[in-house]
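S.K.: After the sequence you'll find the predicted model.
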Amino acid sequence: MQVSTSHTRLAQGEFAGIGCEVMERGALSLNDTSVMNKTEEFDPFCVELFVGPLVWGILSVPCACVGLPASLRLLWALIQRQRRGLSNDVYMLNLTIMDLIFNIILIPGVINYFVWQDYATWRITDFFYCLSLSGRPLFMACICVDSYIAVVHPVVYMKTKHSKYRLVASALVWNLTLAFGVLFIHSVEPLFSITTLIFFTLCLTTITFCDGAIFLALRKPDPSGRSDVHPQKQRALQTITNSLVMALVSYLPPMVVFGFAHLIQQVVPVQMMFCTIVAVAYIGTTFGSAALPLLYLGNLGIFKDLTTLSFGCVKRA
């Protein structure tokens with residue numbers, strides 16, 4: 001959530017220095033100097049409006065402390081399941097790697113924002129934040145589409161069950177994600193524009209449609225006419241509900257803020273918008289990087305196994 005140290009040219013209506021932009025440093029022209037004299041210097045570290053970033057930092061640290069070990073544990077469990085042929089969680093494996101990278105970089109990013117204020121560190125953390133903003137919703141959409149095909153169109157799923165299709169899709173997502181990260185670093189316009197609104201709308205619409213279709217399919221009574229839900233179906237319904245809630249909590253606020261940024265800045269000063277609205281929008285994404293691994297670990301029964309082991313140790317004692 002860091003920004004460039006360049007001066008904001010409010011007189012020309014530019015929204016410079018917010019989010020992922022990295023502007024080239026250099027000598028100011030005469031026009032730039034005149035604009036600078038008419039406007040206040042933009043403060044990327046929100047010294048006067050520190051409440052929003054402080055809330056973001058306070059919540060980011062525990063999220064990283066929880067999300068990092070959870071992502072490591074989930075990654076290990078997914079690798080073991082993949083080796084034993086118990087699942088084909090290629091998308092979830094890639095999403096976990098992305099969450100792991102983000103959680104690793106999160107605490108240094110918070111420390112740099114409040115303490116170090118180093119330009120190079122800011123660029124690195126900003127790049128990985130862009131990866132989380134663009135890569136995670138894409139992989140979540142892939143997971144939902146894969147589950148939708150498996151439940152609603154099982155014949156098609158059996159024909160495309162081979163991992164090569166998911167590996168190709170995962171490689172495409174990674175390439176798109178890296179391209180988005182590089183693009184957002186060099187120019188903020190695609191992030192704070194209709195492009196971001198369309199991107200998040202497509203991802204959230206896909207996730208909502210697939211989860212809704214799966215929910216309706218699992219709620220249908222079986223051929224025997226029984227209307228009660230099988231425990232396995234109940235767990236699947238819980239997984240779908242968690243997926244939809246996490247997607248909306250994590251990416252609905254960024255979609256609104258980034259997609260309508262040019263409208264919001266017409267009524268809210270740029271400095272206040274960044275230090276309050278944008279800071280709050282990042283909290284959902286940060287929370288999702290910790291909550292999603294925990295939810296998936298619960299779906300795999302990891303917590304249940306740990307609880308059983310703990311009670312066994314207590315009984316032996």
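M.R.: On my side now, so go ahead. Numbers count the residues shown, from 1 in each chain.
S.K.: show me where pLDDT drops low in the chain?
M.R.: Filtered on pLDDT under 70, the chain yields the residue ranges 1-40, 44, 86-87, 187-191, 222-233, 235, 304-317.
S.K.: Strands of that one, start to end?
M.R.: With DSSP state E, there are no strands along the chain.
S.K.: Would you map the helices across it?
M.R.: Remark: helices assigned in the chain by DSSP state H are 30-38, 51-83, 90-111, 119-152, 154-159, 163-186, 194-219, 231-259, 261-264, 270-272, 279-299, 302-316.
S.K.: Of all the ones you listed, which one is nearest Phe45?
M.R.: Proximity to Phe45 (C-beta to C-beta) singles out helix 51-83 among these, at 7.5 Å. For the C-beta atoms, the positions are set from N, CA and C on the backbone; glycine is no exception.
S.K.: helices or strands up against the closest one?
M.R.: Under the contact definition 3 or more C-beta pairs under 8 Å, 6 or more residues apart in numbering; DSSP states H and E, helix 51-83 sits against helix 90-111, helix 279-299, helix 302-316.
S.K.: Next, the buried residues of it.
M.R.: For helix 51-83, burial by neighbour count (16 or more other C-beta atoms under 10 Å) applies to 52-53, 56-57, 59-60, 63-64, 66-68, 70-71, 73-75, 77-78, 81-82.
S.K.: With stretch 138-157 instead?
M.R.: In stretch 138-157, counting by 16+ other C-beta under 10 Å, buried: 138-151.
S.K.: re earlier: for my notes, please list the helices and strands packed on helix 51-83 in JSON lines and give distance to Phe260 and mean neighbour count for each entry.
M.R.: Shown next, in JSON lines, are the helices and strands packed on helix 51-83 (distance: least, C-beta to C-beta, whole Å; neighbours: other C-beta atoms under 10 Å):
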{"stretch": "helix 90-111", "distance to Phe260": "25", "mean neighbour count": "21"}
{"stretch": "helix 279-299", "distance to Phe260": "11", "mean neighbour count": "21"}
{"stretch": "helix 302-316", "distance to Phe260": "39", "mean neighbour count": "10"}
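S.K.: okay if I get those helices as a markdown table plus distance to Leu172?
M.R.: A markdown table is the format used below for these (distance: least, C-beta to C-beta, whole Å):
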| stretch | distance to Leu172 |
| --- | --- |
| helix 90-111 | 11 |
| helix 279-299 | 21 |
| helix 302-316 | 30 |
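S.K.: out of those, nearest to Asp43?
M.R.: Of all those, it is helix 279-299 that lies closest to Asp43, at 13.1 Å by C-beta to C-beta.
S.K.: Distance to Phe45 for the helices of the chain - can I get that in JSON lines?
M.R.: Shown next, in JSON lines, are the helices of the chain (distance: least, C-beta to C-beta, whole Å):
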{"stretch": "helix 30-38", "distance to Phe45": "19"}
{"stretch": "helix 51-83", "distance to Phe45": "8"}
{"stretch": "helix 90-111", "distance to Phe45": "12"}
{"stretch": "helix 119-152", "distance to Phe45": "10"}
{"stretch": "helix 154-159", "distance to Phe45": "50"}
{"stretch": "helix 163-186", "distance to Phe45": "19"}
{"stretch": "helix 194-219", "distance to Phe45": "24"}
{"stretch": "helix 231-259", "distance to Phe45": "19"}
{"stretch": "helix 261-264", "distance to Phe45": "20"}
{"stretch": "helix 270-272", "distance to Phe45": "11"}
{"stretch": "helix 279-299", "distance to Phe45": "12"}
{"stretch": "helix 302-316", "distance to Phe45": "39"}
